[in-house]
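A.B. asks: Requesting a structural model of the entry that follows:
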Amino acid sequence: MTTTAEPTAPRTTHTVFNQAPPRRDINEFTLNTALKDALAHYAPDASLDEVERIGALVGSADFISDARLVNVHGPELRTHDDWGNRIDEVDFHPAYHRIVGDALEAEAHSYAWTHPGPGANVERAVRFMLFSQVEPGHACPVSMTHAVVPSLRADPALADFWVPRATAAGYDPRRMDPASKSAVSFGMAMTEKQGGSDIRANTTYGVAFGDHYLITGHKWFCSAPQSDAFLVIAQLDEGPSCFVVPRVLPGGERNTFRIQRLKDKLGNKSNASSEVEFDATHGWLLGQAGKGVRTIIEMVAQTRLDCVLGSTAGMRQCVAEAAWHARGRAAFGAALIDQPLMRAVIADLQLEAEAATYTALHLAASYDDDSDEAADFRRLATAVAKYWICKRGPEHAYESLECLGGNGYTESFPLARRYREQPVMAVWEGSGNVIVLDVLRALAREPRSAKTFLGFLETGLGRHADFDAAYESLARSLQSAVQDLDSGDAAAQAALQARGRVLVEKMALLMQASILFESAPAEVAASFAAARLGADRGREFGALPDGVEVDFLVARA
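C.D. replies: Alright, predicted model coming up:
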């Protein structure tokens, strides 16, 4: 006799549980304790309503979706129209225009210029960082449009025309006569194939043509080629000179601006970077002939600061995503955030992000100060911070990605994109070696800057034994460096250059510690000194010595 088993209820094979909820529809400003505290310290009168509005905007599901779309569907170059006319246009996904429009309408590019006074650069920095945290690629044209203003002021006539349009709270991507636009964006084109960071090796040249010049040559890297105008370095008889080159000439005729190709980059996919060619391209001299590097260096200083802001924003995204995941997932009988190993890693990631945040806003505040002392400080401090914070970004991104396990390594989550993004900040506006050489040059040529920088570090003395010991070591190193630079001894100067990275790292860590002692909670400052300046400091995230306030830092992540 055959029997038939009673049917059983089907088993569920795909129930989703033990996954962190989607990190959507949150406020990226109100959740960022370090940024809130630093803004309160450096710009106590800041408009919180606006930064909270921006925080909610960039934390919304729609904005996060747009950030993904602009990286999946990157810019596309159209060199010719359907009838064979040269047009050199870059097409973007509509999400890109939404993001750039939101950033420019929120004055992420202009607030420091349109609301001058104490805290202006700090408020602008926070707006820029909030947008950059979620979608960093669009920040390139936003940054350059902000940074161009000091250079444009080298010529009153050009400034009168361009500055009001560059600082307008608005976005108009149409290709048309800039005189008929209320808002424009700017880019820059300096780098050439044969020269790289050596601008004086450029071969692009200009010849006089009435009240302006015709420029011929090439540029190996030109980001945001869709911009309305560019600062371009070209040779005159007097030497490298700076020019304003518009995409559309007065009256509406297109300037000769041939986009050869878009760069296929490791990351930064939403931003169009290109190679361009000039052929009798119209440009207007900005500043003195032969003094182009001096003219454009004002723009470079501002964009270097924005590299610090962008890397810092990336660190916040990384630790926020890591901590969110750790709070929403359990393993081995407890939430990940309660596991000692994970707590140490999250605390260390937060410590790095806190130090970068306070350093970024301290630097921004120095740009609100017109005193000679502030100028001397930021001359060295911007370069030192740019070197170190941008160097730390990729490692910080990787460690954060690892906190998410396999999810972190997929394109469904933002940290894979961020891991590819962070290295660009260390390359833009001077890679590591270029920045170190710039610091050494400043030590040699501008001893007042070195004295002011060291004087700032002295404010941290007596706060922590590890800081005091590290300060004495750095003071000796700086004294030796200045002596070597003054000696004229080629061998000594070569040896100094070879150890230049070690010197700049020491300067950066002590500067960050001094800033934290001045402005951050005592627990953060003491933890940083113990973790980054002590003899047993860890070289990997999560390898924390005694004295680090793990619980305090995790609560702020």
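A.B. asks: What strand or helix carries R539?
C.D. replies: Under the criterion DSSP states H and E, no helix or strand holds R539.
A.B. asks: What distance do you get for it to E395?
C.D. replies: Distance of R539 to E395, computed by Cβ to Cβ, to the nearest Å: 10 Å. Every residue, glycine included, has its C-beta placed from N, CA and C.
A.B. asks: Neighbour count: these two, which is higher?
C.D. replies: Legend: neighbour count by other Cβ atoms under 10 Å for R539 and E395, higher for E395 (15 against 6).
A.B. asks: For the residue lying closest to E52 once chain neighbours are set aside, what are phi and psi?
C.D. replies: Nearest in space to E52, with sequence neighbours left out and distances taken as Cβ to Cβ, 6 or more residues apart in numbering, is F29 at 5.5 Å. Geometry field for F29 lists phi and psi as phi -90, psi -50, criterion degrees, to the nearest 10.
A.B. asks: for the record, mean pLDDT for whichever strand or helix holds E505?
C.D. replies: E505 belongs to helix 500-519 when assigned by DSSP H and E. Confidence over helix 500-519 (mean pLDDT, whole number) is 97.
A.B. asks: Which other helices and strands does the helix or strand just after that helix contact?
C.D. replies: Heading C-terminal from helix 500-519, the first helix or strand you meet, by DSSP H and E, is helix 522-533. Applying 3 or more Cβ pairs under 8 Å, 6 or more residues apart in numbering; DSSP states H and E, one finds that helix 522-533 contacts helix 340-366, helix 465-487, helix 500-519, helix 550-556.
A.B. asks: For the second one, give me every contacting residue.
C.D. replies: The one in question is helix 465-487. 440, 443-444, 447, 450, 454, 457-458, 460-462, 492-493, 495-496, 503, 506-507, 509-510, 513-514, 517, 529-530, 533-535 (Cβ atoms under 8 Å, 6 or more residues apart in numbering).
A.B. asks: okay, the angle between the helix or strand just after it and helix 500-519?
C.D. replies: Downstream of helix 465-487, the first helix or strand assigned by DSSP H and E is helix 490-498. Angle, helix 490-498 to helix 500-519, by axes from the mean of the first three to the mean of the last three Cα atoms, to 10 degrees: 50 degrees.
A.B. asks: What is the distance between helix 490-498 and the centre of its chain?
C.D. replies: 31 Å (Cα atoms, centre = their mean, to the nearest Å).
A.B. asks: Could I get the buried residue list for it?
C.D. replies: By 16 or more other Cβ atoms under 10 Å, the buried positions in helix 490-498 come out as 492-493, 496-497.
A.B. asks: Where is pLDDT lowest across these?
C.D. replies: Scoring the buried residues of helix 490-498 by pLDDT puts A492 last, at 87.
A.B. asks: burial count for the nearest residue to it once chain neighbours are set aside?
C.D. replies: Computed as Cβ to Cβ, 6+ apart, the closest residue to A492 that is not its neighbour in sequence is D484, at 4.3 Å. Close neighbours of D484, defined as other Cβ under 10 Å, add up to 20.
A.B. asks: Where is the longest helix in this protein?
C.D. replies: Longest helix in the chain, counting residues (DSSP state H): helix 292-328.
A.B. asks: What is that helix packed up against?
C.D. replies: For helix 292-328, the packing partners by 3+ Cβ pairs under 8 Å, 6+ apart come out as helix 120-134, helix 139-152, strand 229-236, strand 239-246, strand 334-335, helix 340-366, helix 372-403, helix 414-427.
A.B. asks: May I see those arranged in CSV, with distance to T79 and mean pLDDT as well?
C.D. replies: Output for these, formatted as CSV (distance: least, Cβ to Cβ, whole Å; pLDDT from 0 to 100):
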stretch, distance to T79, mean pLDDT
helix 120-134, 30, 98
helix 139-152, 20, 97
strand 229-236, 18, 97
strand 239-246, 19, 97
strand 334-335, 54, 94
helix 340-366, 39, 98
helix 372-403, 33, 97
helix 414-427, 25, 97
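A.B. asks: In a markdown table: the ones you listed, plus distance to H282.
C.D. replies: As requested, the helices and strands packed on helix 292-328 are exported to a markdown table (distance: least, Cβ to Cβ, whole Å):
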| stretch | distance to H282 |
| --- | --- |
| helix 120-134 | 31 |
| helix 139-152 | 17 |
| strand 229-236 | 11 |
| strand 239-246 | 7 |
| strand 334-335 | 63 |
| helix 340-366 | 36 |
| helix 372-403 | 33 |
| helix 414-427 | 31 |
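A.B. asks: Just list the residues touching the nearest residue to V345 once chain neighbours are set aside, thanks.
C.D. replies: Leaving out its chain neighbours, the residue that sits closest to V345 by Cβ to Cβ, 6+ apart is G542, at 3.8 Å. Shown in contact with G542 (Cβ under 8 Å, 6+ apart): 341, 344-345, 348, 399.
A.B. asks: Quick one: end-to-end distance for stretch 180-187.
C.D. replies: Using Cα to Cα, to the nearest Å, the end-to-end distance of stretch 180-187 comes to 19 Å.
A.B. asks: List of residues touching it?
C.D. replies: 104, 141, 144-145, 148, 162, 165-166, 168-172, 174, 178, 222-231.
A.B. asks: Filter these down to the buried ones and express that as a PyMOL selection.
C.D. replies: Selection of buried members from the contacts of stretch 180-187 for PyMOL, criterion 16+ other Cβ under 10 Å:
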select buried, resi 104+141+144+145+148+162+165+166+168+171+172+178+222+223+224+225+226+227+228+229+230+231
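A.B. asks: Quick check, I87 in contact with D81.
C.D. replies: Yes. Using Cβ atoms under 8 Å, I87 is in contact with D81, at 5.0 Å.
A.B. asks: more crowded one of the two?
C.D. replies: Comparing I87 with D81 by neighbour count (other Cβ under 10 Å), the higher total belongs to I87, at 14 against 10.
A.B. asks: Wait, a strand at D264?
C.D. replies: No. Going by DSSP: H, G, I helix; E, B strand; the rest coil, the assignment for D264 is coil, not a strand.
A.B. asks: residues touching it, list them.
C.D. replies: Taking Cβ under 8 Å, 6+ apart, we find D264 in contact with no residue.
A.B. asks: Equivalent analysis for V16, please.
C.D. replies: Taking Cβ under 8 Å, 6+ apart as the definition, V16 has no contacts.
A.B. asks: ok so, going back, per-residue pLDDT, the residue nearest to A492?
C.D. replies: If you check D484, the pLDDT there is 86.
A.B. asks: what do you get for M1?
C.D. replies: You'll see M1 listed with a pLDDT of 49.
A.B. asks: what's the answer for the one 4 residues further on, then?
C.D. replies: For A5, the pLDDT comes out at 56.
A.B. asks: do the same with I297
C.D. replies: pLDDT, I297: 89.
A.B. asks: How many neighbouring residues does it have?
C.D. replies: By the measure other Cβ under 10 Å, the count of residues near I297 is 16.
A.B. asks: what residues are up against it?
C.D. replies: Neighbours of I297 in contact, by Cβ under 8 Å, 6+ apart: none.
A.B. asks: Around the closest residue to R532 other than its chain neighbours, how many other residues sit close by?
C.D. replies: Among residues not flanking R532 along the chain, L509 sits closest, at 5.2 Å (Cβ to Cβ, 6+ apart). Neighbourhood size, L509 [other Cβ under 10 Å]: 21.
A.B. asks: do A522 as well
C.D. replies: Residues lying near A522 (other Cβ under 10 Å) number 12.
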